[in-house]
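> Coordinates for the following, if possible.
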Amino acid sequence: MTDANLFQLGIGLETGAHEEDTARGVTARMHNIHVSHATDTVDIRGIVDGDATLAVATHPANRDIGTADLEALADADREDHFIRRDGAVFAGTHLIIEVVDGYGLDDEARIQQAFRDCVDTCGATLLHIHTHKFSPQGVSGVAVLAESHISVHTWPEIGYGAFDVFMCGDAQPWKAVDVLKAAFATPDVRVKELRRGEGLVDGAEVAA
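Numbering: from 1, shown residues only. Below you'll find the model as predicted:
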């Protein structure tokens with residue numbers, strides 16, 4: 001083997017080792033993000049650039065919630081402001097609603113109108129509605145709100161509709177229950193309530 005070949009081989013080995021080390025480093029940093037702070041809001045620009053440090057340093061999970069953040073969460077001018085109720089502070093009320101023995105759950109227009117009626121009755125703000133009609137039957141849909149969303153998937157063959165109603169701020173999601181009873185002509189509507197974001201901020205620090 002000539003000196004030139006040995007030189008090229010040396011460069012190749014060094015480059016390969018460097019690339020392998022770099023790949024390991026990026027993988028390790030990405031792994032750290034995944035384990036510690038992976039959410040839908042991770043800034044992946046740092047990862048694409050091969051440096052996950054920026055993504056970790058700027059991620060909301062790595063900074064303390066300050067006074068300005070708390071004031072923003074409690075700002076009544078925001079449609080999705082945090083709520084104080086019964087001594088608890090939380091982002092909003094999420095209702096898991098089971099419509100049982102319902103009528104019209106294969107009717108896309110009927111479901112869209114039910115969304116609109118829920119929004120109006122609950123005092124929410126509609127941004128847009130998207131629905132999809134399946135073949136041979138069934139509808140999925142979402143109403144995106146300034147206060148969060150209403151969503152559904154239906155199984156008309158058994159008269160069942162799985163609704164989620166999640167609203168923050170001053171909206172009143174429980175009023176959607178009677179709307180859905182009327183919209184789908186059934187008295188059998190079952191509800192579970194979740195308080196989203198409860199315990200994430202100190203209630204004493206958020207304005208009532």
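> Parallel or antiparallel, list what pairs with whichever strand or helix holds A143.
According to DSSP states H and E, A143 maps onto strand 139-145. With DSSP bridges as the test, strand 139-145 is paired with strand 126-133 (antiparallel), strand 148-155 (antiparallel).
> Out of those, flag the one nearest R85.
When the strands paired with strand 139-145 are ranked by proximity to R85, the top entry is strand 148-155, at 16.3 Å, counting by C-beta to C-beta. For every residue, glycine as well, the C-beta is placed using N, CA and C.
> Can you point out the buried residues in the closest one?
Within strand 148-155, the residues scored as buried using 16 or more other C-beta atoms under 10 Å are 148-154.
> the inter-axis angle of the following helix or strand past that strand versus strand 139-145?
Next in sequence after strand 148-155, counting helices and strands by DSSP H and E, comes strand 160-168. Taking axes from the mean of the first three to the mean of the last three C-alpha atoms, to 10 degrees, one finds strand 160-168 and strand 139-145 inclined to each other by 10 degrees.
> Run through who's touching strand 160-168.
79-83, 91-100, 102, 105, 118, 122, 124, 145, 147-155, 173, 176, 180, 184, 196 (C-beta atoms under 8 Å, 6 or more residues apart in numbering).
> Among the residues you listed, name the ones in strands.
83, 92-99, 145, 148-155, 196 (DSSP state E).
> For the closest residue to Y103 other than its chain neighbours, grab phi and psi.
Spatial nearest neighbour of Y103, chain neighbours left out: A185 (4.2 Å); criterion: C-beta to C-beta, 6 or more residues apart in numbering. Here is the backbone geometry of A185 (degrees, to the nearest 10): phi 50, psi 50.
> And for A185, the neighbour number?
Residues near A185, counting by other C-beta atoms under 10 Å, number 12.
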